[in-house]
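In: For reference, the sequence and a predicted model appear below.
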Amino acid sequence: MKITTDIIPVHNYFIGDKTNLDLEAICVFAATGFFLDQDSYYKEQKVLRPATRYELNEEGTSVLKSSPYFKWHYTPNERPLNEVVDEFADLFETIIKEHSQGNKMILPLSGGLDSRTQAVALKHLGIDTHAYCYAFKGGHDETLYGKKIAASCGFPFQGFKISEGYLWDVIEPLSELNNCYSDFTHPRQMAILDAYQTMGDVFSLGHWGDVLFDDMGVPENLSFEDQVEVILKKLVKKGGWHLAETLWQSWQLEGDFKSYLQTRVIKLLKEIDIPESANAQIRAFKSLYWAPRWTSVNLAVFEASKPITVPYYDARICEFICSVPERYLAGRQIQIAYIKKRMPELAKLTWQAQYPFNLYTYHYNKTPWNLPYRIFNKIKRLSKSQLYIQRNWELQFLGTSNDEELKNWLFESDTFDDLVNKDIRNQFYKLFKEEDAVFYSHPVSMLLTLAVFSKKR
């Protein structure tokens, strides 16, 4: 049996038995929100690595041979930015056209650049497209951006408000889709799953464009040791160290968690080996480990409704990125220039990350030019009588009814007692409720995920 995994896989392929829990791997999951490299919940079960050709036994349960066919690299082909943009335009539009195959595409829009770039390509190619966007109830209305982008492209558009507490009605079906390999606070699309049926035929999803088409914000000559520290800071979520170290000690694992994770990151980063560019090396690390083990996991929610395409995952995009000089990737220059080239009017619409500026004026998003907006926005937020929702977890964890559901999952499950001590669950719940909700929202979310996993297994 032969399997070839994609450079950035949409699906994780598991082999091996579910026998003994891999507690070290679960500690990493608790700290970061995803499993690292080939890890799973079980010691005997592993995930096949990206960009690798595998030969398995007839039952598909063990690896006989494996050989990688692609290695992330940095081989910049020096040419002017306008040539790079033209290359990107030809390549991206070719991919979008191939993905559509005469189908009506469903495009999730946001105020960012990835979906806007897709919208430009779909419009330029004349592909039938239905766009939509969602926003938090009580939060910043992201549908305003999506509606304007869709109108500029002539796409039909639907806007949705994601209400508080939607998670509890869908948490078990969601766990069947992501198999508890991601926490449950991020896939807002689960709240509107039924609405997709009438929108179109195939999703065009914009995942991972923001990683591939930007720099990593570090000097090109950043030392290997400092790269490890940057990755650890990016990997571990707020409160993640605390939860993982607490679990590590409670399970009486050998050594200490921080040294364990640091050693693993060092080993994986050395395998990448791109000494010419710290940005390219960190991007490769994220594409090998974040993308398939975190980003891809909840793509299953979209796929439960309609077939999906992910243009930025395409192998040709990965190869293209390796050939682009880092100075052109910095600051999202390629996507910005492409949008300006194909649809200048769309470039004039507000860029959410640089609000209230657009793709022509975002350079002014600094003092003193943005000071009036910052003052106005702060006054507006302070004047609101209700809580201003900014984060996914606030919709699911805050408020009396949400709290009751959360406590039920954390404390009323006998199966969870076998995995995580109730004193630990009480400790982090109290820290979330009484000390710092923002800092301890991640640990609570991971404990909820482990609670659901305990029930499923």
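Out: Arrived safely, thanks for sending. Numbering: from 1, shown residues only.

In: quick one: the strands in the stretch 51-200 of the chain?
Out: Secondary structure of the stretch 51-200 of the chain (DSSP state E, counting those that start in this stretch): strands located at 52-56, 63-68, 105-108, 129-136, 157-162.

In: which of the residues in stretch 163-170 are buried?
Out: Buried residues in stretch 163-170, counted by 16 or more other C-beta atoms under 10 Å: 164, 166-168, 170. Glycine gets a C-beta too; all of them are placed from N, C-alpha and C.

In: so which of the strands of the stretch 51-200 of the chain comes closest to residue 175?
Out: Closest of those to residue 175 is strand 157-162, at 18.8 Å (criterion: C-beta to C-beta).

In: List the pairing partners of the closest one within its sheet, with orientation.
Out: strand 129-136 (parallel) (DSSP bridges).

In: Could you find the closest non-adjacent residue to the most centrally placed residue in the chain?
Out: Nearest to the mean C-alpha position of the chain, counting by C-alpha atoms, centre = their mean, stands residue 295 at 3.9 Å. In this structure, residue 295 finds its nearest non-sequential neighbour in residue 207, 5.3 Å apart by C-beta to C-beta, 6 or more residues apart in numbering.

In: tell me the secondary structure for the one you found?
Out: Three-state assignment for residue 207 (DSSP: H, G, I helix; E, B strand; the rest coil): coil.

In: That one touches residue 302, doesn't it?
Out: No. With contact defined as C-beta atoms under 8 Å, residue 207 does not reach residue 302; the gap is 9.7 Å.

In: out of the buried residues of stretch 163-170, who's nearest residue 444?
Out: Among the buried residues of stretch 163-170, and counting by C-beta to C-beta, the member closest to residue 444 is residue 167, at 12.7 Å.

In: need the contact list for that closest one.
Out: Listed by C-beta atoms under 8 Å, 6 or more residues apart in numbering, the contact partners of residue 167 are 174, 184-185, 190, 395-396, 405.

In: In these, find the pair that's most separated.
Out: 190 and 405 (15.2 Å).

In: neighbour-wise, which of the two wins?
Out: Neighbours were counted for residue 190 and for residue 405 using other C-beta atoms under 10 Å; residue 190 has more, 22 against 19.

In: Low-confidence bits of this structure, can you list those?
Out: Where the chain drops to pLDDT under 70, the residues are 138-140, 374-389.

In: can you list the domains in it?
Out: 2-68, 81-214+291-364, 399-456 (automatic domain parsing).

In: Let me know which of the ones you listed is the nearest to residue 251.
Out: Checked against C-beta to C-beta, the stretch from the domains of the chain lying closest is domain 2-68, at 4.8 Å.

In: what about the closest one, start to end distance?
Out: One end of domain 2-68 to the other measures 13 Å (C-alpha to C-alpha, to the nearest Å).

In: quick thing: my sequence starts at 39, can you match it?
Out: Shifting the count to begin at 39 puts that one at domain 40-106.

In: Report the distance from it to the chain centre.
Out: Domain 40-106 has its C-alpha centroid displaced from the chain centroid by 19 Å (C-alpha atoms, centre = their mean, to the nearest Å).

In: would you list every one of the strands in the stretch 289-438 of the chain?
Out: Using DSSP E, counting those that start in this stretch, strands in the stretch 289-438 of the chain cover 346-347.

In: which residues in it form helices?
Out: Per DSSP state H, counting those that start in this stretch, the stretch 289-438 of the chain carries helices over the ranges 295-310, 316-323, 337-341, 353-361, 364-367, 371-380, 382-385, 409-421, 430-435, 438-449.

In: Deepest in the core, which of the ones you listed is it.
Out: Highest mean neighbour count of the helices of the stretch 289-438 of the chain: helix 316-323, a mean of 24 (counted as mean count of other C-beta atoms under 10 Å).

In: And it, what does it pack against?
Out: helix 262-273, helix 295-310, helix 364-367 (3 or more C-beta pairs under 8 Å, 6 or more residues apart in numbering; DSSP states H and E).

In: what's the closest of those helices to residue 77?
Out: Nearest to residue 77 among these is helix 295-310 (9.4 Å), distances taken as C-beta to C-beta.

In: ok, residues contacting the closest one?
Out: With C-beta under 8 Å, 6+ apart, helix 295-310 has contacts from 62, 65-66, 69, 74-75, 109-110, 262, 265-266, 269-270, 273-274, 279, 282-283, 286, 291, 319, 322-323, 326-327.
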